[in-house]
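Peer 1: what's the 3D shape of this:
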Amino acid sequence: MNQLNELAELIFPHINKTIEDLEKEYPERDLKEGAKVTRFAPSPTGFLHTGSLFTSLVAYKIAKDSNGVFYSRLEDTDTKREIEGSGEHLIEQLHMFNIIPDEGYLGTKEEGIYGPYKQSQRKEIYEIVIKDMIRKNLAYPCFASEEDLNKLREEQTKNKEITGYYGKYAIYRDLDTSKAIEMIKSGKPYVIRFRSSGNHLNKIKVHDEIRGDLELSQNDQDIVIMKSDGLPTYHFAHICDDHFMRTNLVTRGEEWLSSLPIHIEIFKALGFKTPKYAHLPVIMKLDNGNRRKLSKRKDPEASVDYFISKGYEPNALLVYLMTIANSNYEDYIVTSKNYDLSTFKFNLKKMSLDGALFDIDKLNFYSKEILSKMDKNTISNKAYEWAKIYSNELKTFIEKDFNRFVDIMNIEREKKNPRKDYAKYSDIYSLIRFFDHDEFIKIINEKTFTLNDKIPLNVLKTFLNSYKNSNFIDFDIENDWFSNVKNIAEQAGFCIDNKLYKEHPEDYVGNVNDACEILRICLTGRNVTPNLYSLMKILTKDEIIFRINYFLNEVL
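Peer 2: Sure, this is the predicted structure:
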């Protein structure tokens, strides 16, 4: 047995399988030509980042459009940063956005023949590959301590050289194999490093599916591929996983572009087919006039939890993200007049190279459009499900009278151009709370409304009393109801002809719009509300009379 074989056996005496065995165990996928195999590969270290949702949306869409496979894999080898339960939570949130993997790690279970789909359960696979690399002198044990590495870094900084473990600074790279065997047997701690054959002064040509052909500096770093605890590093593990899960397109953020030479070198050293790469632009934010990446620490909108808790409809966020992802998607919305992402053909070539600025106003626009197109039962049920978790106020309001809530949600909803009052479910309660008897009293006492001070108080009282004593509730047709309002307003001194009012405003106390505003404020405590006739039909006659009396006594 030569010394490299002896070293490999010493480190991995329990490993009997070979890479050839793995190739048979995880065969090429039987897919049509052009089908893409993509993945969502989060780390269980916290919440689902908006950028991760963006990346997974792109990966999912590419796989679906090509009749390929979109799978999920949990990259949980960083045990120090792992948060218990966050892996399941990430998958749950992905499901909320209807991005459902075809196979892989699914939270509480796994599905698919290319598993395990948790890196912590794939240790044997990594060890098989590393054992083979040691035999072929592609990897070696490194005994450098933290103190040794700090000294190297200090010397490199002093000499104004690139920091890292490479070339003459790779102090255990050329250690005699017999000496390495001796040190391992003596219990000396070590990591396993990849033996790079590159030179950072040289360039390699790579192709990115978004950015085209690129020239990058060759890798020369002998990176760690197995830590001292026996777990692999991300750089190494994802290469094995992408190969044996037969990923053929990797979508990831552009921050990984600088690591591409490392990954390509390892793929080639192992004789694995390199997948295609698409490095997506990051989502940016303006901060004091400067563009910066969305920050987990600074920006609540960096977390998908923010949008869920605020009550954004998941599809609205996806639609907005797709406008960032493909420059032609907004035109598609205009021509197709639908927000079904499955009907849109995604194209990586249409992606911008610059990071898009996160635009909450644009998100709100699309969200209002999508909520306005829901029928009354859909939006009512969705709002109720959200409220049960996130808003006790709205939940209580709905449970008092669910049918009333449905009627409120249906105000001006069935028109050709429905109202667009709500961008998210958390907007609803503050805009409809005046329907509740007790809340109406609070709103009136808050006095956030503005009365037209040009109209004398005695006119306001006359108009409201006359309206109260009319048969206002008996009109089933809105035009008939409005004719009644105009008649009462005219008797109180308001002009019911807007053209005439513009010519002679001094002859009247106001116009019919002013009269309707008085009625609106009296019944809701608001200057702006949905259709006045519709909300009065919901309030009932007794409640309307109470509100007019209350307004007359407490405000006028």
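
Peer 1: start to end distance for stretch 6-23?
Peer 2: Stretch 6-23 has its terminal residues 24 Å apart, counting by CA to CA, to the nearest Å.

Peer 1: got the buried residues for that stretch?
Peer 2: 7-9, 11-12, 15, 19, 22 (16 or more other CB atoms under 10 Å). (Each C-beta comes from the backbone N, C-alpha and C, glycine too.)

Peer 1: from these, which ones fall inside helices?
Peer 2: 7-9, 11, 19, 22 (DSSP state H).

Peer 1: of these, just say which sits nearest to residue 98.
Peer 2: Closest to residue 98 out of these is residue 22 (33.7 Å), distances taken as CB to CB.

Peer 1: so that closest one touches residue 128, yeah?
Peer 2: Yes. Residue 22 is within contact range of residue 128, at 6.1 Å (criterion: CB atoms under 8 Å).

Peer 1: returning to that earlier point: save the ones in helices among the buried residues of stretch 6-23 as JSON lines, and put in distance to residue 83 and pLDDT too.
Peer 2: Shown next, in JSON lines, are these (distance: CB to CB, whole Å; pLDDT from 0 to 100):
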{"residue": "7", "distance to residue 83": "37", "pLDDT": "97"}
{"residue": "8", "distance to residue 83": "35", "pLDDT": "97"}
{"residue": "9", "distance to residue 83": "37", "pLDDT": "97"}
{"residue": "11", "distance to residue 83": "31", "pLDDT": "97"}
{"residue": "19", "distance to residue 83": "34", "pLDDT": "97"}
{"residue": "22", "distance to residue 83": "31", "pLDDT": "98"}
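
Peer 1: between the residues you listed, which is nearest residue 65?
Peer 2: Closest to residue 65, out of all of these and judged by CB to CB, is residue 22, at 30.1 Å.

Peer 1: give me the pLDDT for the closest residue to residue 115 other than its chain neighbours.
Peer 2: Excluding the flanking residues, the one nearest residue 115 by CB to CB, 6 or more residues apart in numbering is residue 104, at 7.4 Å. We have a pLDDT of 95 for residue 104.

Peer 1: so residue 104 touches residue 41, yeah?
Peer 2: No. Here residue 104 lies out of contact with residue 41, judged by CB under 8 Å, at a distance of 9.1 Å.

Peer 1: can you give me the buried ones in the host helix or strand of residue 460?
Peer 2: When elements are assigned from DSSP states H and E, residue 460 belongs to helix 457-468. If you call a residue buried by 16+ other CB under 10 Å, then helix 457-468 has these buried ones: 459-460, 462-464, 467-468.

Peer 1: got the CA positions of that helix in CSV?
Peer 2: These are the backbone C-alpha positions of helix 457-468, laid out as CSV (Å, rounded to 0.1, in the frame of the first residue of the first chain):
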residue,chain,number,x,y,z
LEU,A,457,-74.0,75.1,11.8
ASN,A,458,-77.7,75.6,11.6
VAL,A,459,-77.6,74.5,7.9
LEU,A,460,-75.7,71.3,8.9
LYS,A,461,-78.3,70.6,11.6
THR,A,462,-81.2,71.2,9.3
PHE,A,463,-79.8,69.0,6.6
LEU,A,464,-79.0,66.1,9.0
ASN,A,465,-82.3,66.2,10.8
SER,A,466,-84.2,66.3,7.5
TYR,A,467,-82.2,63.3,6.2
LYS,A,468,-82.8,61.4,9.5
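
Peer 1: by contact count, what packs against it?
Peer 2: If you count contacts as 3 or more CB pairs under 8 Å, 6 or more residues apart in numbering; DSSP states H and E, helix 457-468 packs onto helix 478-491, helix 512-524, helix 541-554.

Peer 1: which of those is buried the deepest?
Peer 2: helix 512-524 (a mean of 21; mean count of other CB atoms under 10 Å).

Peer 1: which is the next helix or strand following it?
Peer 2: Past helix 512-524, the next helix or strand by DSSP H and E is helix 532-539.

Peer 1: what is the mean pLDDT for that following helix?
Peer 2: 94.

Peer 1: just the angle for it relative to helix 541-554, thanks.
Peer 2: Relative orientation of helix 532-539 and helix 541-554, computed by axes from the mean of the first three to the mean of the last three CA atoms, to 10 degrees: 110 degrees.

Peer 1: tell me which other helices or strands helix 532-539 touches.
Peer 2: Using 3+ CB pairs under 8 Å, 6+ apart: helix 532-539 touches helix 402-409, helix 478-491, helix 512-524.

Peer 1: hmm, who's touching the very next helix or strand once past the shortest one?
Peer 2: Read that as helix 402-409. Downstream of helix 402-409, the first helix or strand assigned by DSSP H and E is helix 428-432. Helix 428-432 is contacted from outside by 311, 383, 387, 391, 393-394, 397, 408, 421-422, using CB atoms under 8 Å, 6 or more residues apart in numbering.
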